[in-house]
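Visitor: sequence and predicted structure, then a few things I'm wondering about:
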Amino acid sequence: MLIFERMITDFHTHCYPDALAPKAMRGVDDVTEGDADGTYAGLIRAMREAGVGRAVLLPVCARPGHERSVNAFAENLGSDVIVPFCSVHPHSDDAARLIREYADKGAKGVKFHPNLQNFDVRDPLLSPVWRAVRDAGIVAVFHCGKPGRRPTPLDAYPSDYLPLLGIIPPERVVLAHTGGYGITDEEIDVLASAGAYTDLSLAGQFTKERLRRALSRLRPDRILFGSDSPWRDIGKTADLVRSAVPDENMLDLIMNGNAERLLGVSRAPER
Ligand SMILES: [Zn+2]
């Protein structure tokens, strides 16, 4: 095992309360290849093994009105090592107020998942929720693409997010999973020009050659390393990214620099 000297931030991780982790690991994904067990201890272990010093934790509140327990669990894990985002269900009656509340309590961001939360990113009735995110000034991470191998009507790729990016500034938005599992080259171009960030979780969906091509089209200051642990292996994802990014400066941005700027934990100026 190698310990890398450069700080690494994994911008896309999950963990669950110990009692729920086994069920969560069985349930969500039909393409799981990770080797963590879904617990907090498992996440920390996986981070250490991969030489990752900081992780953004992305809870998902799957049912309207059930925000409290999901967010209390994540919030309690906050540390120098774990940056917990909050989760608000867009269909909760008080979604906008909850976003303000969690931002006031210090959440640096909020995670949304169209498939797991059963909402359509194209739904104009959700504009007040996106305005609340904009006004709170926090980061919004959106799951992109199919939830597993099978497509669903709620799947959203970068072009589906363009109206939303007219409300929340793209420089506060992460369209996860390199724009989504199953993304086309056309959608990668939309992602490249949209100005939003993306994370490289599920990068294993690409061949090394296609990943290299995708990365050469995206803005270097908009790419974040992410693994989707426990669903994917952090170290394997990091190795794939390293092998696809020969330029050391770009690799530094991807593995940590962009994340620090977006999270506001460094003094690097916003470009
Ligand atoms: Zn995820």
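Guide: Arrived safely.
Visitor: pretty sure residue 103 is touching residue 139, no?
Guide: No - the pair residue 103 / residue 139 is not scored as a contact, 10.2 Å apart, by Cβ atoms under 8 Å. C-beta coordinates here come from the backbone N, C-alpha and C atoms, glycine included.
Visitor: what part of this protein, helix or strand, is modelled with the least confidence?
Guide: Sorting the helices and strands of the chain by mean pLDDT, DSSP states H and E puts helix 21-27 at the bottom, at a mean of 85.
Visitor: buried stuff in it?
Guide: 21, 24, 25 (16 or more other Cβ atoms under 10 Å).
Visitor: next one: stretch 153-163
Guide: Quick answer for stretch 153-163 (16+ other Cβ under 10 Å): 154, 155, 156, 157, 158, 160, 161.
Visitor: in those residues, find the pair that's most separated.
Guide: 154 and 158 (15.2 Å; Cβ to Cβ).
Visitor: next one: residue 7 from residue 260, what distance?
Guide: With distances taken as Cβ to Cβ, to the nearest Å, residue 7 is found 8 Å from residue 260.
Visitor: and if you look at residue 179?
Guide: Using Cβ to Cβ, we find residue 179 at a distance of 23 Å from residue 260.
Visitor: ok, now residue 211?
Guide: 23 Å.
Visitor: same check, this time on residue 191
Guide: Distance from residue 191 to residue 260, by Cβ to Cβ: 22 Å.
Visitor: which one of the two has more residues nearby?
Guide: Between residue 191 and residue 260, counted using other Cβ atoms under 10 Å, the more crowded position is residue 191 (27 against 16).
Visitor: tell me which residues touch that one, please.
Guide: 158, 175, 178, 179, 183, 198, 218 (Cβ atoms under 8 Å, 6 or more residues apart in numbering).
Visitor: skip the chain neighbours and tell me the closest residue to the fourth one.
Guide: Read that as residue 179. residue 191 (4.2 Å; Cβ to Cβ, 6 or more residues apart in numbering).
Visitor: returning to that earlier point: dump the buried residues of stretch 153-163 into TSV; add pLDDT as well.
Guide: What follows is the buried residues of stretch 153-163, written out as TSV (pLDDT from 0 to 100):
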residue	pLDDT
154	96
155	96
156	97
157	97
158	98
160	97
161	98
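Visitor: would you list the residues you listed in CSV and tack on secondary structure and distance to residue 86?
Guide: Below are those laid out as CSV (DSSP: H, G, I helix; E, B strand; the rest coil; distance: Cβ to Cβ, whole Å):
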residue, secondary structure, distance to residue 86
154, coil, 21
155, coil, 24
156, coil, 21
157, coil, 25
158, helix, 24
160, helix, 23
161, helix, 20
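Visitor: just the pLDDT for the closest residue to residue 54 other than its chain neighbours.
Guide: Leaving aside its chain neighbours, residue 54 sits nearest to residue 9 (4.4 Å; criterion: Cβ to Cβ, 6+ apart). Listed pLDDT for residue 9 reads 98.
Visitor: quick one: low-confidence parts of the stretch 151-271 of the chain?
Guide: The stretch 151-271 of the chain contains residues with pLDDT under 70 at 266-271.
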